[in-house]
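Enquirer: Mind looking at a prediction? Sequence and model below.
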Amino acid sequence: MRQIVLDTETTGLDWRNGDRVIEIGCVELLNRSLTGRHYHVYLNPERGIDAEAEAVHGITAEFLADKPRFRDVAVEFEDFVRDAELVIHNAAFDVGFLNHELSLLGRARLDVLCSGVVDTLKMAKEQNPGKKASLDALCERYQVDNGRRTLHGALLDAEILAEVYLAMTRGQESLMIGLDDVEAAIDHGGELVPVERPELRVLRASAAEEAAHADLLAGIAKANKGLCLWLPAAADEAPAA
């Protein structure tokens, strides 16, 4: 399973008001493991940056003056995220901005380009109702080191979010590891080798066992005035309330 943990920084809070993406950061997960592959770019938005936004991420218009436009990197961005599941904190924000950038170029939206989106903000609120669900709060809850995060930055936040996401879904990982253990074992040389699984035996009930089962269900139906979930006929014959 290929997943891309993604974050953006923008000129402001609403693409509908003309705000643009100024930074994209992505890290790759393959079967729940960081691969070391990442995608990171700063973008010239061809407009000013709101003071409130600049105070959050520290990116200035002067710094972005010589950076590429989104149209210059659209293809390489699409190539990196194509067919992957996106993992985003507060996904509606980033997806809205990126879909707007793509639509300005007449290109396909993320829901066409990617296989789906996991919103870790929504996930955190469902797992811990009433508790803080910011990225910093989740770092504290799951003991993820965010000491480098003095300002927001797309690549750094994506790297941190990847660790948080893996911690949030560790139970799923344990299940996957358990299933993998059925398929492989470690030999004496320390190498994983395939395990030959025995052919499954199919055991069918004998006539005597089927008769005993029918008697048991009949007894349940009789004790419950004809109501027995495992005996549809008995339920159909039950008297109306």
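Expert: It's in. Every value quoted in this text rests on a predicted model; they were computed, and no experiment measured them. Numbering: from 1, shown residues only.

Enquirer: Show the residue spans covered by the strands in this protein.
Expert: 2-10, 21-30, 33-42, 85-88, 116-119, 184-186, 192-194 (DSSP state E).

Enquirer: Out of these, which one sits most buried?
Expert: Highest mean neighbour count of the strands of the chain: strand 2-10, a mean of 24 (counted as mean count of other CB atoms under 10 Å). Where you see a C-beta, it was placed from the backbone N, CA and C, and this is true even at glycine.

Enquirer: now for that one, which elements pack on it?
Expert: On a contact count with 3 or more CB pairs under 8 Å, 6 or more residues apart in numbering; DSSP states H and E, strand 2-10 meets strand 21-30, helix 51-57, helix 70-81, strand 85-88, helix 91-104, helix 154-168.

Enquirer: CSV please, covering the strands of the chain and showing distance to Val75 and mean pLDDT.
Expert: Output for the strands of the chain, formatted as CSV (distance: least, CB to CB, whole Å; pLDDT from 0 to 100):
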stretch, distance to Val75, mean pLDDT
strand 2-10, 16, 97
strand 21-30, 13, 97
strand 33-42, 12, 96
strand 85-88, 18, 98
strand 116-119, 21, 97
strand 184-186, 39, 46
strand 192-194, 38, 53
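
Enquirer: hmm, back to that, looking at the helices and strands packed on strand 2-10, which is closest to Tyr42?
Expert: Nearest of the helices and strands packed on strand 2-10 to Tyr42, taken as CB to CB: strand 21-30 at 5.3 Å.

Enquirer: That closest one vs helix 154-168, what angle?
Expert: With axes from the mean of the first three to the mean of the last three CA atoms, to 10 degrees as the basis, strand 21-30 and helix 154-168 are set at 40 degrees to each other.

Enquirer: What distance do you get for Leu11 to Glu101?
Expert: Small correction: residue 11 is Thr, not Leu. 12 Å (CB to CB, to the nearest Å).

Enquirer: higher neighbour count, those two?
Expert: Neighbours per residue, other CB atoms under 10 Å: of Thr11 and Glu101, the larger number sits with Thr11, 26 against 23.

Enquirer: if I look at that one, how far off is Glu52?
Expert: 10 Å.

Enquirer: Could I get the contacting residues of the residue nearest the centre of the chain?
Expert: Geometric centre of the chain, nearest residue: Val118, 3.4 Å, by CA atoms, centre = their mean. The contact partners of Val118, taken as CB atoms under 8 Å, 6 or more residues apart in numbering, are 3, 85-88, 91, 165.

Enquirer: could you redo the last one with a cut-off of 7 Å?
Expert: By CB atoms under 7 Å, 6 or more residues apart in numbering, the contact list for Val118 reads 85-87.

Enquirer: ditto for Leu138
Expert: 124, 164.

Enquirer: From Asn31, how far off is it?
Expert: In terms of CB to CB, Leu138 sits 22 Å off from Asn31.

Enquirer: coming back round to it: closest one to His57 among the strands of the chain?
Expert: Comparing the strands of the chain by CB to CB, strand 2-10 comes nearest, at 4.5 Å.

Enquirer: so that closest one versus strand 33-42, what angle?
Expert: Interaxial angle, strand 2-10 versus strand 33-42 (the same axes, to 10 degrees): 30 degrees.

Enquirer: now strand 2-10, how far from the centre of its chain.
Expert: Offset of strand 2-10 from its chain centre (CA atoms, centre = their mean, to the nearest Å): 11 Å.

Enquirer: which secondary element of this structure has the worst mean pLDDT?
Expert: None of the helices or strands of the chain scores lower by mean pLDDT, DSSP states H and E than strand 184-186, at a mean of 46.

Enquirer: returning to what we had before: now the helices and strands packed on strand 2-10 as CSV including distance to Arg148?
Expert: CSV is the format used below for the helices and strands packed on strand 2-10 (distance: least, CB to CB, whole Å):
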stretch, distance to Arg148
strand 21-30, 13
helix 51-57, 14
helix 70-81, 23
strand 85-88, 20
helix 91-104, 21
helix 154-168, 6
